[in-house]
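# Pasted the sequence and its predicted model underneath.
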Amino acid sequence: MRRLVLLGLLGLGVNGCAVEPTDGPEQQEKPLCPELVISDLSRSPGQQLPVSTASSALRPASTAAQPVLVRFRSKAGMRSATALRQREDKLRQAGGRLKYHWPSLDAAALSLTPEAQARLAQDPDVLSITPDRPVHALGLPPSVPAALAAVPETPAAPSESTWAVRMTGANEVWDADGDGVFDSGAVTGSGITVCVIDSGIDRNHPELKVTYAGGKDFIDDDDNPEDKDASGAWGGGHGTHVAGTIVAQLGSGGQVDPNDATLSSNGMVGMAPGARLLVARVLDERGDGRTSDVIAALEWCGEMKANIVSLSLGSSTPDETEEKIFQELWDANILAVAASGNSGDLSPYTPMYPAAYSTVIAVGAVKPDMKHASYSQGGEHLSLVAPGTGVYSTYPRGNSPFANLVADGTFYKSRSLDYVPFEEYEGTLVDCGLGASMRSCLGASVACSGFVAYVDRGDIRFNEKVKNVRSQGARAVIIGNNDPADDDELGFTLGNSAEWPPVTAVTTTTAQLLRGQFGKTVRVGIRGGDYAYSTGTSMATPHVAGVAALVWSANPNLKNSDVRRILESTAKDLVDAEGSPDSAVGKDPVFGYGLVQALPAVEQALREAQNP
C-alpha cells in the first residue's frame, strides 16, 4: 500500500501525479456565472516561487559589488586590536562593505567590485579572494510549495515514534516498553546542545518551544531565527522539519492531519527529545544562503557552547575558509554532521561540502525499506546513512494543508489537491456528473450564490472540471475516484495557473457514500496542519545528529572523535542489490559504515563510561 506525502523544502515535484486525459470536448457555452470564471494566471497571488538551485538573486551583475571572502596571510601580532583595525581599514579603503571579520581565520566577508578585487589582490598580505559562494538546502527540488509523492506505508499502529525513529532504534533507548512515556532514567539527550544551521524554525511550535534555547538570524541580523520573509509569510519549513526530527517532544502535539490513520494525534517525537536546541538561520525562505553566513553561524554555535552542529545544506565546491572553521570546531571538541547531497542519480560520487570535509560526518539517505535512495549522493567520504524518504516531522504551524470534508455531520477522509487555498465552504452538494461542460450541474437547482459540486473522474482534466463547475456557481469541489486501484494514490493535480476554490478528492468507496448526500449540506475545506512529510539527505542528517546527542548524553566524558567512532562502529551494515552495485559488506561509497543505530551506540557509550 502506498500513500501520498508532502515533501519538504526542495522536495519532489508532481510530475508523477495522476492527470486526466487532455482530449475532452471544446467548451463553447457561455458561463452561467461570468464573475466566477477562473482566469489563468502565471502564478497565484502570494504563492511561493519555486525554489532555485542557484538563485538569480544571489548572482550579482559583473560590474556591481560582489560578495567575496578575503583570506589574509597569517602573521605574528595580527590578532591585536590595532592590527585588526588596520586590516578592516584596508578593506574599507578598497571600497568594500565589510560584513564579517574573523580574526582566528585570518579572513573576512565583504562586497567588492571586480575592479576593487583586482586592486586588493595586489596587496602582499592578501592570500586569496574567492566568491562568497551560494549554499542551498539539501532537500529535493519542488515544482510546487506543497508537492505530493508516494512512499510505502509502514504497517504499524499510530505512534509518535515515526517509522524513521523506529528504524534507527532511538525509541528503544528512551521508551523500551513502547508505552509512549520516557523510561525512568533513560538516555534522552539531556545535557547536550545541538545547533541547527538552516532556514530557521517556528520556535513556538508545540514540539519545539520547550527545548528551544536561543537563536540568531544571519539573514535578517537579529535574534529571532524564524523562517519568514520580509512580509512575515512563512518560508518552506525546512529548518522546522530538521529541528523536529532531532528534538520534538512526547505528548506535545500540534494539529495532525485526521485523514492519515497512521499518525498519532499527539504528533511525533524526535531522536533526542531531551537535548537543548540552538538555531542559526542562514538560509532564506527559498532555501538559499551564503558561505559567509554559514561560517558566522558556526562561530556563533561554538560561542554558545554547542556540542553538535547539524547542517542540511551545502555547495558542490569546497571553500578553504569554511573548511578551516570546521577544523577549529573539531579541535574545540564540537561534532559536525552534514547532508551528503541529492544528486546521487546523476553523479553518485560527486562530493558536497561541508559534508566532504574530513572533520564532518557525511550523511546519506535510505528509503523505508532500507534500500539506497537514488537521490542520495555517496563517495568514499560518506560516513553513515539514515532515513530520508518520506520523513514525517514538524512544520510551521498551520502551513501543511489537509482536507476537511463533512457531510450530514459525518467526517469523510479525503485528500487536498495541490495549489488550492486554505479556505472552507459550506453549501448544498450538487451532482455535476463528469463536469465536462458549463451546463453539467443543471440537473439540480444551482445558483451563482454558491454550492458544492461533486464531479466524477473521467473524460477531461481535473482543472477543466473545476473551471466548468465554478462557472456555474460552485464554491468548492469534490472529485470522486472511479478506479479502486488508485484509491491509495489520489495524486491529483490542478496546476499553478489559476486561483482555485477548495478542492478535495475521495476514494471510490467514499464517492458512493457521497452520492447519497446530494441535496444535503456539506462542508469542504483545506485546513493547515503542523506537520509534513519531506524527503532528501536534509532529512537524513538530523537523525544522525540526534543519535550523536544520545550517545554523548549517555557518556558526557567522550570526545567528538569518540562519538563519531561509536556511531560508525555500531551502524547496521547494509548491502543493496537494487541499483547499487558498489555496495558491499563493510564501508562502501553507497552506505558508508551503514545505517545509524541508536541502541547499540548508546550501549557502547555506557560501556565505555563504566570502563574508561
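Structure's in. What do you need?
# you'd agree Leu250 is in a strand?
No - looking at Leu250 with DSSP: H, G, I helix; E, B strand; the rest coil, it is coil, so not inside a strand.
# wait, it sits on Val181?
Yes - at 7.1 Å, Leu250 and Val181 qualify as touching, with contact defined as Cβ atoms under 8 Å. Bear in mind the C-beta positions are built from the backbone N, C-alpha and C, glycine included.
# Look at the two and report which has more neighbours.
Leu250 (22 against 12; other Cβ atoms under 10 Å).
# where's that one relative to Arg203, distance?
The gap separating Leu250 from Arg203 is 19 Å, by Cβ to Cβ, to the nearest Å.
# same check, this time on Ala338
Distance from Ala338 to Arg203, by Cβ to Cβ: 23 Å.
# What of Val469?
Taking Cβ to Cβ as the measure, Val469 and Arg203 are separated by 42 Å.
# Need the residues touching each of Leu250 and Val181.
The contact sets of Leu250 and Val181 overlap at Asp175 (Cβ atoms under 8 Å, 6 or more residues apart in numbering).
# The host helix or strand of Lys465 packs against which elements?
Using DSSP states H and E, Lys465 sits in helix 462-470. Judged by 3 or more Cβ pairs under 8 Å, 6 or more residues apart in numbering; DSSP states H and E, the packing partners of helix 462-470 are strand 451-456, strand 474-480.
# nearest to Pro351, of those?
strand 474-480 (45.1 Å; Cβ to Cβ).
# Find the helix or strand that the closest residue to Val165 other than its chain neighbours is a member of.
In space, and not counting its chain neighbours, Val165 is closest to Asn171: 5.3 Å by Cβ to Cβ, 6 or more residues apart in numbering. Element membership for Asn171, per DSSP H and E: helix 170-174.
# same for that helix, what does it pack against?
The contact analysis (3+ Cβ pairs under 8 Å, 6+ apart) places helix 170-174 against helix 537-554, helix 598-610.
# what pLDDT, on average, does it get?
Averaged across helix 170-174, pLDDT comes to 97.
# what do you get for stretch 448-464?
If you average the pLDDT values across stretch 448-464, you get 91.
# got the CA positions of that stretch in PDB?
The C-alpha coordinates for stretch 448-464 follow below in PDB (Å, rounded to 0.1, in the frame of the first residue of the first chain):
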ATOM      1  CA  CYS A 448     -24.300  31.700  -8.600                       C
ATOM      2  CA  SER A 449     -24.700  32.300  -4.900                       C
ATOM      3  CA  GLY A 450     -22.900  29.100  -4.400                       C
ATOM      4  CA  PHE A 451     -23.000  25.300  -3.900                       C
ATOM      5  CA  VAL A 452     -20.600  22.300  -3.500                       C
ATOM      6  CA  ALA A 453     -20.000  20.500  -6.800                       C
ATOM      7  CA  TYR A 454     -19.500  16.700  -6.900                       C
ATOM      8  CA  VAL A 455     -17.800  15.500 -10.100                       C
ATOM      9  CA  ASP A 456     -16.700  12.100 -11.200                       C
ATOM     10  CA  ARG A 457     -13.300  11.300 -12.500                       C
ATOM     11  CA  GLY A 458     -13.100  10.800 -16.300                       C
ATOM     12  CA  ASP A 459     -13.000  12.300 -19.800                       C
ATOM     13  CA  ILE A 460     -11.200  15.600 -19.200                       C
ATOM     14  CA  ARG A 461      -8.600  17.100 -16.900                       C
ATOM     15  CA  PHE A 462      -9.400  17.900 -13.400                       C
ATOM     16  CA  ASN A 463      -8.600  21.600 -13.800                       C
ATOM     17  CA  GLU A 464     -11.100  21.800 -16.700                       C
END
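# Buried ones in that stretch, by neighbour count?
448, 450-464 (16 or more other Cβ atoms under 10 Å).
# now stretch 241-260
Those buried within stretch 241-260 under the rule 16+ other Cβ under 10 Å are 241-250, 252-257, 259-260.
# ok, now stretch 541-557?
Buried, per 16+ other Cβ under 10 Å, within stretch 541-557: 541-555.
# now stretch 119-127
Buried residues in stretch 119-127 (16+ other Cβ under 10 Å): Leu120, Val126.
# ok, and what's touching it?
By Cβ under 8 Å, 6+ apart, stretch 119-127 touches 70-73, 75, 87, 90-91, 94, 96, 106, 112, 129.
# Just to be sure, which of those residues are found in helices?
Arg87, Lys90, Leu91 (DSSP state H).
# What about these, which one has the most neighbours?
Most surrounded of those: other Cβ under 10 Å gives Leu91, at 22 neighbours.
# That one reaches Ala108, doesn't it?
Yes - with contact defined as Cβ under 8 Å, Leu91 counts as touching Ala108 (6.0 Å).
# Overlap of the contact sets of these two?
Shared contacts of Leu91 and Ala108 (Cβ under 8 Å, 6+ apart): Val70, Leu98.
# Contact partners for Leu277?
Thr193, Val194, Val196, Leu208, Thr211, Tyr212, Ala213, Ala243, Ile246, Val247.
# That one is in what secondary structure piece?
strand 276-281.
# Off-centre distance for the helix or strand just after that strand?
Downstream of strand 276-281, the next assigned helix or strand under DSSP H and E is strand 288-290. Distance of strand 288-290 from its chain centroid, counting by Cα atoms, centre = their mean, to the nearest Å, is 15 Å.
# What are the contacting residues of the helix or strand following strand 288-290?
Going down the chain from strand 288-290, the next helix or strand is helix 291-303, by DSSP H and E. With Cβ under 8 Å, 6+ apart as the test, helix 291-303 has contacts from 67, 69, 99-100, 102, 105, 107, 109, 132-135, 195, 197, 216, 218-219, 278, 280, 282, 309, 311, 313, 315, 319, 321-322, 325-326, 328-329, 332, 334, 336, 354.
# Where does the prediction get shaky in the stretch 101-250 of the chain?
Along the stretch 101-250 of the chain, segments meeting pLDDT under 70 span 140-157.
# mind listing the strands for it?
107-112, 126-131, 134-137, 148-152, 193-198, 212-217 (DSSP state E, counting those that start in this stretch).
# what pLDDT does Phe492 get?
68.
# Equivalent analysis for Gln86, please.
Value for Gln86, per-residue pLDDT: 88.
# Tell me, how many residues neighbour it?
Around Gln86 there are 12 residues (other Cβ under 10 Å).
# Over to Pro612?
7.
# Next: Asp179.
8.
# before we move on, what about Met268?
Residues contacting Met268 under the criterion other Cβ under 10 Å number 27.
# With the one 5 residues further on instead?
Number of residues near Pro273 (other Cβ under 10 Å) recorded here: 26.
# Over to Asp222?
Count around Asp222 with other Cβ under 10 Å applied: 12.
# What residues are bridge-paired with it?
Going by DSSP bridges, Asp222 is paired in beta bridges with Asp217.
# relative to helix 537-554, how tilted is whatever helix or strand Leu384 lives in?
Element membership for Leu384, per DSSP H and E: strand 382-387. Interaxial angle, strand 382-387 versus helix 537-554 (axes from the mean of the first three to the mean of the last three Cα atoms, to 10 degrees): 100 degrees.
# please renumber so the chain begins at 48
Sure, I'll start counting at 48 from here, so that last one is strand 429-434.
# Pull the residues that contact strand 429-434.
In contact with strand 429-434 (Cβ under 8 Å, 6+ apart) are residues 210-211, 214-215, 387, 408-413, 415, 419, 423, 586-588, 590-591, 611, 614-615, 618, 621, 636-643.
# Just the buried ones among those residues, please.
Among these, those classed as buried by 16+ other Cβ under 10 Å are 210-211, 214-215, 387, 408-413, 415, 419, 423, 586-588, 590-591, 611, 614-615, 618, 621, 636-643.
# Among the residues you listed, name the ones in strands.
Among the buried ones among the contacts of strand 429-434, DSSP state E puts Ile408, Ala409, Val410, Gly411, Ala412, Val413 in strands.
# Disregarding flanking residues, what is the spatial nearest neighbour of the second one?
Nearest residue to Ala409, sequence neighbours excluded (Cβ to Cβ, 6+ apart): Ala402, at 3.8 Å.
# close enough to count as contact, the one you found and His428?
Yes - contact criterion Cβ under 8 Å: Ala402 and His428 qualify, at 7.1 Å.
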